[in-house]
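>>> Pasting a predicted model and its sequence here:
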Protein chains: 2
Amino acid sequence: MLVALAEAFAQEPPTAGAPHFLSGDRLERPANYREWVWLSSGLGMSYRSENTSADPSFDNVFVTPAAYRFFLQNGKWPDRTMFVLEVRASHNKGSINQSGHYQGEVMGIEAEVKDEYRFPGKWAFFGFAGGAGSAAAVPKSADCYSCHAQNGAVDNTFVQFYPTLLEVARQKGTLKIIDPNHESNRH
Amino acid sequence: MLVALAEAFAQEPPTAGAPHFLSGDRLERPANYREWVWLSSGLGMSYRSENTSADPSFDNVFVTPAAYRFFLQNGKWPDRTMFVLEVRASHNKGSINQSGHYQGEVMGIEAEVKDEYRFPGKWAFFGFAGGAGSAAAVPKSADCYSCHAQNGAVDNTFVQFYPTLLEVARQKGTLKIIDPNHESNRH
């Protein structure tokens, strides 16, 4: 039984996880992103120092498996890379847990896609508000474009917050900003 | 290039991720668990209410892909299921992040394996202290055995803290304890 299931997994089509666009460059919401490669999760992360919510949310980041494997080899992202950011509520007390935070319901799903031919800036962002099945790209005037371009450690992406890939980028020499985990840069 | 990489992924051996034992029932530390299916991450989770560390750690949980797919179909774990718990430091300020927590260096790697023929209690726990390449099972007198057996929502596992699998177990009717996210059980 296990072998049969594993073989089914191994027989996934090679396009599994590739971005799928509908008419008008609308991105179809990926159904199986929880089976992609998970990169990291943060809790309550914010650009603003005053943001210390008593009810912070988790940010879970996934990337398409083929793009992940390309990154391990090259320290950069190939065309057709797709990220999903899944935002979930945090809970504090439940079952045997008495302190700290564990994950609850989905509060939002967003995607970032690299498509050099489709998008003039190569990367585009998408938000699937209310569980929508597809979404048009966020307008290029949105802050996400400039923030990722300026602050992403590799290309348009926050590799500085993905510890295993940060190490790969260090080794491949593809980091474009100061290492955030370096002692002199941590407060 | 992408297609070639994706095909390489699809051609993984069907035993990828299965537990591998050395002589004396020592479990080999899995090398590629970051490419398994991630179930959830918590921050600073504790059984003790007084544990409110200023420097909490993240718990990241991964499971072998074949076991995950079996669970989606059946709401329970097949023989040869393997979990990895990766404990990572949390950081607070770095790059553009000003509040909240993101993940840093590995602080510990542990595993839980179901093997009905090898272990009298079916499940066994392993800790790879100091990055050891293999480990013998934790003695059965350790708290982890009794705590998982008593408090795990499905079999010996804390499905109550893995939100997508919790929903599967609800639908399949395999939950053995009160739902921790039910309002009446949350404080």
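Arrived safely.
>>> where along chain A do the helices fall?
Counting by DSSP state H, chain A has helices at residues A:2-10, A:65-74, A:143-151, A:163-172.
>>> what's the neighbour count on residue A:84?
Counted with other CB atoms under 10 Å in any protein chain shown, the neighbours of residue A:84 add up to 23. Yep, even glycine has a C-beta here, placed from its N, CA and C like the rest.
>>> Residue A:23 too?
6.
>>> try residue A:140
By other CB under 10 Å, 13 other residues sit near residue A:140.
>>> Output the below-cut-off pLDDT ranges for chain A.
Residue ranges of chain A with pLDDT under 70: A:1-17, A:49-53, A:177-187.
>>> hmm, 90 instead?
Scanning chain A for pLDDT under 90 picks out A:1-18, A:24, A:45-55, A:92-100, A:120, A:130-131, A:176-187.
>>> deepest of the helices of chain A, which one?
Highest mean neighbour count of the helices of chain A: helix A:65-74, a mean of 20 (counted as mean count of other CB atoms under 10 Å in any protein chain shown).
>>> Take that one, keep the C-alpha atoms, and write them as PDB.
Extracted C-alpha coordinates of helix A:65-74, given in PDB (Å, rounded to 0.1, in the frame of the first residue of the first chain):
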ATOM      1  CA  PRO A  65       9.400  21.900  -5.900                       C
ATOM      2  CA  ALA A  66      11.200  22.300  -9.200                       C
ATOM      3  CA  ALA A  67      12.100  25.900  -8.400                       C
ATOM      4  CA  TYR A  68      13.400  24.800  -5.000                       C
ATOM      5  CA  ARG A  69      15.700  22.200  -6.500                       C
ATOM      6  CA  PHE A  70      16.900  24.700  -9.100                       C
ATOM      7  CA  PHE A  71      17.700  27.100  -6.200                       C
ATOM      8  CA  LEU A  72      19.700  24.400  -4.300                       C
ATOM      9  CA  GLN A  73      21.900  24.000  -7.400                       C
ATOM     10  CA  ASN A  74      22.200  27.700  -8.500                       C
END
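>>> Okay, strands next: where are they in chain A?
Along chain A, counting by DSSP state E, strands occupy A:21-22, A:26-28, A:37-46, A:57-63, A:82-91, A:99-114, A:123-127, A:134-135.
>>> As CSV, those strands with distance to chain B would be great.
As requested, the strands of chain A are exported to CSV (distance: least, CB to the nearest CB, whole Å):
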stretch, distance to chain B
strand A:21-22, 16
strand A:26-28, 17
strand A:37-46, 3
strand A:57-63, 7
strand A:82-91, 7
strand A:99-114, 3
strand A:123-127, 16
strand A:134-135, 21
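>>> ok, so what distance separates residue A:26 from residue B:102?
31 Å (CB to CB, to the nearest Å).
>>> And the residue nearest the centre of chain A?
residue A:61 (3.5 Å; CA atoms, centre = their mean).
>>> ok, that one touching residue A:84?
Yes: in this structure, residue A:61 is within contact of residue A:84 by CB atoms under 8 Å, at 7.4 Å.
>>> about what we covered before: so which of residue A:26 and residue B:102 has more stuff around it?
Neighbour tally, residue A:26 and residue B:102, criterion other CB under 10 Å: the higher count belongs to residue B:102, 28 against 16.
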